[in-house]
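A.B. asks: Next one to model:
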Amino acid sequence: MIWELKNGYDLTLKDHAATIRRLENQVGKLAQFVCSRDNGELPSTTETNPRDLAHAITTRRGLNYKEPAYPKESETQVKSTPVSEQVNEEDRDKETARIKEKVRTYVPPVPFPGRLKKERERERRLHRASQLIR
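C.D. replies: Numbers count the residues shown, from 1 in each chain. This is a model prediction of the structure:
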């Protein structure tokens, strides 16, 4: 039984030693990478896209994204028709008055309503007490 425990401890010790060696290798590689970096360059400098452009976009469902069809130049040209709009000043005044009526000023709520209730209750009690004393 003691030999089994010793063998178990030996195995875990070997596993720990192997893990420590792997960690030492990783730290060594990181140290080499940091030393090889240019001094004037920040570590967050981005690399340019090596593939230049994305040629296809796929959604989560696996569907390919198709670019929207752009209208031809002849369709985009809008026929300009002269529109004669003569708006009376009275109409404008009516519009602005109607808009101003709709806008109400914002009244923020009382931050601590319980405090005001206590003050009102206190004032009411003082008023009653003053009436009783008379």
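
A.B. asks: So, low pLDDT: which residues of the chain?
C.D. replies: 38, 40-56, 72-88, 100, 103 (pLDDT under 70).

A.B. asks: mind redoing it with 90?
C.D. replies: For the chain, applying pLDDT under 90 flags the ranges 1-3, 5, 33-119, 132-134.

A.B. asks: could you point out the longest helix in this protein?
C.D. replies: Among the segments of the chain that qualify as a helix by DSSP state H, the longest is helix 2-36.

A.B. asks: for this protein, what spans make up the helices?
C.D. replies: 2-36, 73-76, 89-102, 113-133.

A.B. asks: Dump those to a markdown table, plus distance to T59.
C.D. replies: Quick note: C-beta positions are derived from backbone N, CA and C, even for glycine. What follows is the helices of the chain, written out as a markdown table (distance: least, C-beta to C-beta, whole Å):
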| stretch | distance to T59 |
| --- | --- |
| helix 2-36 | 36 |
| helix 73-76 | 29 |
| helix 89-102 | 43 |
| helix 113-133 | 51 |
